[in-house]
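pasting the structure only:
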C-alpha cells in the first residue's frame, strides 16, 4: 500500500495531466453522443406491433404511449400479482380504440 501511495505522491503531476487529458477526450466524445427516445426504433423492420402502432397513430393522430401504474403492497413479481397484471393487460387489449 505504501508503494502505491509513494507512486501517487511522486507522480502527482503526471496523474493530474493524464486525468485532464482523459476528461477532455470524454468531453469531446460527449458531443457525438445521440440519445434516441423513440421506442419504435427498438423494434425490427416489419414488426407487427410497430406496424399496428403506426396505423393507430395515423388514424387517431396521437404519438403518446400509455403507461399503466400498478401499486401493490407486496412484490409485483408474486404469482398472484403477475396474474392480475396479465388480466389487466387482457382487459386493456379488449378496449376499442
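That came through, no problem. Worth saying up front: this structure is predicted, and the values here are computed from it rather than measured. Numbers count the residues shown, from 1 in each chain.

Spatially central, which residue of this protein would that be?
By C-alpha atoms, centre = their mean, the chain has its centre lying nearest to residue 37, at 8.5 Å.

Tell me the secondary structure at it.
With DSSP: H, G, I helix; E, B strand; the rest coil as the basis, residue 37 sits in coil.

What does it show for phi and psi?
With angles defined as degrees, to the nearest 10, residue 37 sits at phi -90, psi 0.

repeat for the one 5 residues further on
For residue 42, the backbone dihedrals are phi -80, psi -20 (criterion: degrees, to the nearest 10).

where does this structure have low pLDDT?
The model of the chain has pLDDT under 70 over residues 62-66, 97.

can you give me how far stretch 68-88 is from the chain middle?
On the basis of C-alpha atoms, centre = their mean, to the nearest Å, stretch 68-88 sits 22 Å off its chain's mean C-alpha point.

Let's see the distance spanning it from one end to the other.
9 Å (C-alpha to C-alpha, to the nearest Å).

ok, and for the longest helix seen in the chain, which residues are buried?
Scanning the chain for the longest helix, with DSSP state H as the assignment, gives helix 12-30. Within helix 12-30, no residue counts as buried by 16 or more other C-beta atoms under 10 Å. Quick note: C-beta positions are derived from backbone N, CA and C, even for glycine.

Pull the number of nearby residues for residue 52.
The number of residues packed near residue 52 is 10, by other C-beta atoms under 10 Å.

That one and residue 93, how far apart?
11 Å (C-beta to C-beta, to the nearest Å).

So which residues of this protein form helices?
In the chain, helices defined by DSSP H lie at 2-10, 12-30, 48-60, 79-94, listed in chain order.

follow-up on the earlier one: what angle separates the longest helix of the chain from helix 2-10?
Per axes from the mean of the first three to the mean of the last three C-alpha atoms, to 10 degrees, the angle that helix 12-30 makes with helix 2-10 is 80 degrees.

Please enumerate residues in contact with helix 12-30?
With contact meaning C-beta atoms under 8 Å, 6 or more residues apart in numbering, helix 12-30 is reached by residue 8.
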